[in-house]
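> I'll drop the sequence and a predicted model, then ask my questions.
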Amino acid sequence: ERPWGLAEHGRLGKRKVVGVVVLDGWGEAPPDPFNCIHVADTPTLDALKKVPASLFSSLTLLHRFRFGSYMRMEILCLCGCMAWQGAPERWRLIKAHGTAVGLPTDDDMGNSEVGHNALGAGQIYAQGAKLVDLALDSGKIYEGEGFKYIQQSFDTGTLHLIGLLSDGGVHSRIDQLQLLLKGASEHGAKRIRVHILTDGRDVLDGSSVTFVETLENDLAKLQEKGVDARIASGGGRMYVTMDRYENDWQVVKRGWDAQVLGEAPHKFPSALEAVKKLRDDDPKANDQYLPPFVVVDESGKPVGPIVDGDAVVTFNFRADRMVMLAKALEYEDLDKFDRVRFPRIRYAGMLQYDGELKLPSHYLVAPPEIERTSGEYLAHNGVRTYACSETVKFGHVTFFWNGNRSGYFNPNLERYEEIPSDTGIPFNVQPRMKAVEVAEKARDAILSGKFDQVRVNIPNADMVGHTGDLEATIAGCKAADEAVKIILDAIEQVGGIFVVTADHGNAEDMVKRDKSGKPIRDKDGNVQPLTSHTLNPVPIAIGGPGLAPGATFREDLPDAGLANVAATLINLHGFEAPRHYEPTLIQVSPVPF
Ligand code: 3PG
Ligand code: CO
């Protein structure tokens with residue numbers, strides 16, 4: 001085994017407190033009325049941006065203090081210094097989407113899973129989406145242990161496929177489901193039931209209708225070939241099944257009742273009718289929050305409850321929002337909700353969602369083996385870490401950051417703290433979320449002297465951005481900015497270093513645009529809110545009184561991305577980064593000052 005010890009960094013001292021802020025969903029885009037980050041009052045983040053070049057050219061006697069704290073950084077000095085020494089770059093953009101974070105193509109927007117994986121691991125891994133593509137393309141998926149396992153049920157049982165129905169590419173992709181349907185039927189599945197979760201979050205609201213149409217067409221084709229294939233149940237992803245980090249088990253229960261028990265408040269003869277009617281009947285209905293429904297036959301009987309002897313596949317490749325259902329399907333004992341019935345089934349995940357818990361124990365595609373993350377290196381080198389967020393993003397700065405691994409590397413050195421998220425209140429109703437509470441926990445951790453790295457995720461720009469509510473998103477961004485200030489003030493107080501960055505874009509672009517970038521308007525002049533993430537880069541700002549004189553951003557990495565942050569952090573803790581990491585963003589030169 002390769003050694004874990006890291007060499008000391010010659011020019012960067014150890015034991016400086018490093019505050020790491022991940023602003024979830026905080027991308028960079030030109031000023032625009034639909035750029036909520038631009039519209040919001042964000043003095044702290046604004047101050048972290050470099051002084052525009054134009055300002056330099058118009059004021060030749062102006063310079064920023066080179067080594068000041070973030071407060072002083074903004075002081076434009078007109079003191080008459082004749083030699084402007086060139087301000088160190090402490091704010092830049094890094095890539096947060098596509099191949100830079102291990103996604104199949106550069107048309108794939110970033111997301112929190114791959115973003116935090118890259119930030120924490122310092123290496124770019126082919127991610128779930130890509131691995132599933134490869135396994136389906138090559139047909140290897142049907143030769144694997146997972147498929148062979150569920151296949152044993154095909155003769156006498158039904159194959160159930162449960163997952164998110166869209167082409168968002170964040171948790172799942174409809175084209176992968178289509179291939180799996182075809183492949184499973186070719187490999188012996190005779191009766192198939194799909195349990196859909198409508199999206200409207202990684203894709204436009206309202207698109208569920210088209211996705212259901214597409215799926216029903218495919219299932220009709222299978223029926224022509226003699227396969228008894230139907231959609232059996234459904235519901236909106238945020239209300240049914242796809243909760244995460246155990247925020248609200250009722251979400252999983254609603255799904256369980258429909259998928260397993262065949263019970264739901266709404267019954268329809270087909271999923272297409274369900275989705276259309278549920279949307280039409282309630283003007284406030286949206287794909288993310290559609291109520292659960294089951295599809296019933298002429299006699300009103302559900303067409304596809306899950307029963308003993310069936311096979312089940314959860315076809316999402318991303319873990320966070322499938323782990324809870326995986327537990328419900330797999331664990332003999334579960335006290336989170338009353339399952340009423342616990343069917344004896346053969347269950348496989350598209351991927352294994354948690355390598356530590358080995359959950360689920362059967363899976364169709366092996367997940368990326370994210371190894372030797374920065375968290376593990378730092379723990380081996382005595383760096384004490386504190387990580388915190390509120391429930392809905394807690395696993396992002398712990399589980400995803402640590403390469404999809406639950407728990408501590410070294411419990412003596414690490415402390416992870418979760419602030420309970422409010423449940424049942426839409427994020428646009430409480431756009432401030434727990435930003436300030438998370439920041440205050442971080443502040444206390446920084447001031448305690450007990451930690452070297454204090455890491456948080458501030459969720460507002462993302463979670464509120466996903467609602468498509470512009471006004472609320474603006475309020476959320478303001479709250480996030482206030483949270484950053486609390487943390488930077490604490491860093492200032494202890495003479496530490498801050499790194500403020502983000503995992504992907506979201507709130508900086510909240511409207512559907514045409515190819516030229518203009519918002520698309522309907523005949524009444526209305527625009528369609530963009531609830532999804534974006535392809536935009538994200539900022540990274542580094543500074544604070546503890547930052548060594550002479551530390552600047554390197555100029556030879558114009559294409560750097562999130563994976564370059566881990567080496568940077570390891571440097572800031574006073575160590576050389578492992579050689580196999582993506583290169584550090586900073587350089588440290590001796591500076592006469
Ligand atoms: C979600 O799960 O909320 C979205 O699909 C993606 O958002 P995240 O990647 O920011 O968590
Ligand atoms: Co998001």
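The structure has been received and is ready for your questions. Numbering: from 1, shown residues only. Ligands and ions are numbered 1, 2, ... in the order given.
> okay, how far is it across stretch 244-255, tip to tip?
Terminal residues of stretch 244-255 are spaced 14 Å apart (C-alpha to C-alpha, to the nearest Å).
> assign Ile446 to helix, strand or coil.
Classification of Ile446 by DSSP: H, G, I helix; E, B strand; the rest coil places it in helix.
> number of nearby residues for the closest residue to it other than its chain neighbours?
The shortest distance from Ile446 to any non-neighbouring residue, by C-beta to C-beta, 6 or more residues apart in numbering, is to Ala490 (4.1 Å). The C-beta positions use only the backbone N, C-alpha and C, and glycine is treated the same way. Residues near Ala490, counting by other C-beta atoms under 10 Å, number 23.
> list the residues that contact Ala490.
Neighbour list for Ala490: 19, 442-443, 446-447, 496 [criterion: C-beta atoms under 8 Å, 6 or more residues apart in numbering].
> flag every residue of the stretch 201-350 of the chain that's near ligand 1.
Contacts of the stretch 201-350 of the chain with ligand 1, taken as C-beta under 6 Å from any ligand atom, map to 201-202, 321.
> could you export the residues you listed as CSV, including neighbour count, distance to Met510 and secondary structure?
Formatted as CSV, those follow (neighbours: other C-beta atoms under 10 Å; distance: C-beta to C-beta, whole Å; DSSP: H, G, I helix; E, B strand; the rest coil):
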residue, neighbour count, distance to Met510, secondary structure
Arg201, 26, 13, coil
Asp202, 23, 15, coil
Arg321, 26, 22, coil
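> just put the residues you listed in TSV and tack on pLDDT and distance to Ala475.
Formatted as TSV, those follow (pLDDT from 0 to 100; distance: C-beta to C-beta, whole Å):
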residue	pLDDT	distance to Ala475
Arg201	98	19
Asp202	98	23
Arg321	98	25
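> quick one: buried residues of the helix or strand hosting Val436?
Element membership for Val436, per DSSP states H and E: helix 435-448. Neighbour counts over helix 435-448 (16 or more other C-beta atoms under 10 Å) mark 435-436, 438-443, 445-446 as buried.
> and for stretch 557-565?
557, 560-565.
> kindly report the same for stretch 305-325.
Applying 16+ other C-beta under 10 Å to stretch 305-325 flags 305-306, 310-325 as buried.
> ok, now stretch 209-225?
Those would be 211-212, 214-216, 218-219, 222, for stretch 209-225 by 16+ other C-beta under 10 Å.
> equivalent analysis for stretch 514-524, please.
Pro519.
> just the terminal-to-terminal distance for it.
17 Å.
> ok, now stretch 103-120?
Criterion C-alpha to C-alpha; first-to-last residue distance in stretch 103-120 is 16 Å.
> is ligand 1 contacted by that stretch?
Yes. Counting by C-beta under 6 Å from any ligand atom, ligand 1 is contacted by stretch 103-120 at 111-113.
> which residues of this protein lie near ligand 1?
By C-beta under 6 Å from any ligand atom, the part of the chain that sits against ligand 1 consists of 24-25, 111-113, 170-171, 201-202, 321, 462, 466.
> what about 5 Å?
Proximity of the chain to ligand 1 (C-beta under 5 Å from any ligand atom) is limited to residues 111-112, 170, 202, 462.
> could you dump those into CSV and include secondary structure and distance to Ala96?
Shown next, in CSV, are these (DSSP: H, G, I helix; E, B strand; the rest coil; distance: C-beta to C-beta, whole Å):
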residue, secondary structure, distance to Ala96
Asn111, coil, 9
Ser112, helix, 10
Val170, coil, 13
Asp202, coil, 15
Asp462, helix, 12
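> tabulate those (CSV), appending distance to His362.
Output for those, formatted as CSV (distance: C-beta to C-beta, whole Å):
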residue, distance to His362
Asn111, 25
Ser112, 26
Val170, 23
Asp202, 26
Asp462, 32
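> show me the contacts for the residue nearest in space to the middle of the chain.
Centroid-nearest residue in the chain: Ser112, 1.8 Å away (criterion: C-alpha atoms, centre = their mean). Ser112 sits next to 24, 320, 393, 396, 400, 462, 503-504 when contact means C-beta under 8 Å, 6+ apart.
> so for stretch 402-412, what gets flagged as buried?
Under 16+ other C-beta under 10 Å, the buried positions of stretch 402-412 are 402-405, 408-409.
> before we move on, what about stretch 12-30?
12, 16-29.
> first-to-last residue distance for it?
End residues of stretch 12-30 are separated by 35 Å (C-alpha to C-alpha).
> bridge partners for Glu414, pull those for me.
Thr385 (DSSP bridges).
> that one and Gln127, how far apart?
25 Å (C-beta to C-beta, to the nearest Å).
> neighbour count for those two, which is higher?
Gln127 (24 against 21).
> was I right to think the more buried one contacts Thr105?
No. Applying C-beta atoms under 8 Å, one finds Gln127 not in contact with Thr105, separated by 11.8 Å.
> circling back: of the buried residues of stretch 402-412, which one scores lowest on pLDDT?
Minimum pLDDT for those is recorded at Arg405 (92).
> tell me which helix or strand it sits in.
Secondary structure (DSSP H and E) places Arg405 outside all helices and strands.
> just give me the neighbour total for the nearest residue to it once chain neighbours are set aside.
Ranked by C-beta to C-beta, 6+ apart and with sequence neighbours excluded, the top spatial neighbour of Arg405 is Glu356, at 5.3 Å. Neighbours of Glu356 under the rule other C-beta under 10 Å: 11.
> what sits against Glu356?
Glu356 makes contacts with 405-407, as judged by C-beta under 8 Å, 6+ apart.
> how about Leu562?
Counting by C-beta under 8 Å, 6+ apart, the residues that Leu562 touches are 94-96, 100-101, 110, 115, 118-119, 501, 503, 538.
> cheers, nothing more for now.
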